[in-house]
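Pasting the sequence and the predicted coordinates here, then a few questions.
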Amino acid sequence: MRVAIRALGIASAVFWVFLIIFGVFAVLSLPNLQMSFGEMQTGISSGNEVELLLPISVANKGFLSVDDFNVSTRIVDEQGSTLAAGQTFIPEIGAGETVNATHQVNLGLNEFLAGHAGMILNDSELRVEEMVGMKVAQIVPVKASSNVSFRWGAPLYNFAVGTPELSLSGLNYSRMIVPVSFENHAFFSFNGTLQVRVYNSSNLVVGVGQGPVDVQQNSVYKEKLGIDVSTGNAALTGHIEVFLETSVFNYGPVVIAFGV
């Protein structure tokens, strides 16, 4: 019985020594694991989602397989709320094998900007939380994480509606000029329609005008929209409402009084 117990103890000790040696060998093989990241590509899908695409190449030049390789990304705002997340999982990378993959994170602009209206007008900071995890030979877990901040550029930075200019053009109508300007600090371009509704002092619509908007990334929009306004013989006072509708987001109304 004592011999059996001794044999069991020796076998257990040998087993644990083997695991320790194997673990050290696995850790030492990690320098032979080469990871490279390509240039991140950004774009907007047909569903109005921002696509962040990061090419990844993993070369396992060690003697052991790498299992459960995964890259996870979380984009959070200044309050720590999750705006978008993505994960790439590679079940196995054999010894001497190189695997290429694309890590993708989608950010739905419509939902994002609807819930963060202030980011339409204001630049801010977002944070990317990145984590890489794997197992060497299905035994030794390895994890690494990093955080990095990046600037969010507002698509309607410094949005301004100037004082409407009203000029009489006849007995029954006038011409109103509405200056609108903003800077597109976003990493995407957008197009849409700028619409202005003119209300008199009785809160009745007396004129509607609209014009196309096509704004490239990192460019300035500065235009004057002309509107025919029904005035009759009375002096016109009231307010205007300015709306911007794009394929990516909507903004407005911005209310400006005139003739007061």
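Alright, I've got the coordinates. Being a predicted model, the structure only gives us computed values, none of them experimental.

Give the buried residues for stretch 203-211.
Buried positions in stretch 203-211, judged by neighbour count with 16 or more other C-beta atoms under 10 Å: Val206, Gly207, Gly209. C-beta: built from backbone N, CA, C; applies to glycine.

and the host helix or strand of the first one, how far from the chain's centre?
Element membership for Val206, per DSSP states H and E: strand 205-215. Taking C-alpha atoms, centre = their mean, to the nearest Å, one finds the center of strand 205-215 at 29 Å from the center of the full chain.

so what secondary structure elements neighbour the helix or strand following that strand?
Next in sequence after strand 205-215, counting helices and strands by DSSP H and E, comes strand 219-230. For strand 219-230, the packing partners by 3 or more C-beta pairs under 8 Å, 6 or more residues apart in numbering; DSSP states H and E come out as strand 173-184, strand 190-200, strand 205-215.

The helix or strand just after strand 219-230 pairs with which strands?
Going down the chain from strand 219-230, the next helix or strand is strand 238-246, by DSSP H and E. Applying DSSP bridges, strand 238-246 is found paired with strand 190-200 (antiparallel), strand 250-258 (antiparallel).

Buried residues, strand 238-246. List them.
Across strand 238-246, burial judged by 16+ other C-beta under 10 Å covers Gly238, His239, Ile240, Glu241, Val242, Phe243, Leu244, Thr246.

would a markdown table of those with distance to Gly162 be doable?
Below are the buried residues of strand 238-246 laid out as a markdown table (distance: C-beta to C-beta, whole Å):
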| residue | distance to Gly162 |
| --- | --- |
| Gly238 | 16 |
| His239 | 14 |
| Ile240 | 11 |
| Glu241 | 15 |
| Val242 | 11 |
| Phe243 | 16 |
| Leu244 | 15 |
| Thr246 | 21 |
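
nearest to Gly96, of those?
Sorting the buried residues of strand 238-246 by how near they are to Gly96, with C-beta to C-beta, puts Thr246 at the top with 50.3 Å.

before we move on, the earlier item: would you turn the helices and strands packed on strand 219-230 into a markdown table with mean pLDDT and distance to Leu113?
Shown next, in a markdown table, are the helices and strands packed on strand 219-230 (pLDDT from 0 to 100; distance: least, C-beta to C-beta, whole Å):
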| stretch | mean pLDDT | distance to Leu113 |
| --- | --- | --- |
| strand 173-184 | 91 | 14 |
| strand 190-200 | 92 | 11 |
| strand 205-215 | 92 | 15 |
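
JSON lines for those, including distance to Ile139?
Shown next, in JSON lines, are those (distance: least, C-beta to C-beta, whole Å):
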{"stretch": "strand 173-184", "distance to Ile139": "52"}
{"stretch": "strand 190-200", "distance to Ile139": "50"}
{"stretch": "strand 205-215", "distance to Ile139": "54"}
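
closest to Asn147 out of the ones you listed?
Short answer: strand 173-184, nearest of the helices and strands packed on strand 219-230 by C-beta to C-beta, at 27.6 Å.

report the angle between the axes of that closest one and strand 205-215?
30 degrees (axes from the mean of the first three to the mean of the last three C-alpha atoms, to 10 degrees).

Please state the offset of strand 173-184 from the chain centre?
Per C-alpha atoms, centre = their mean, the centroid offset for strand 173-184 relative to its chain is 30 Å.

repeat for stretch 58-71
Using C-alpha atoms, centre = their mean, the offset of stretch 58-71 from its chain centre is 30 Å.

what do you get for stretch 199-207?
39 Å.

for the buried residues of strand 238-246, which one is nearest Phe150?
Checking the buried residues of strand 238-246 against Phe150 by C-beta to C-beta gives Thr246 as the nearest, at 22.9 Å.

so which of the buried residues of strand 238-246 comes closest to Asn110?
Thr246 (10.2 Å).
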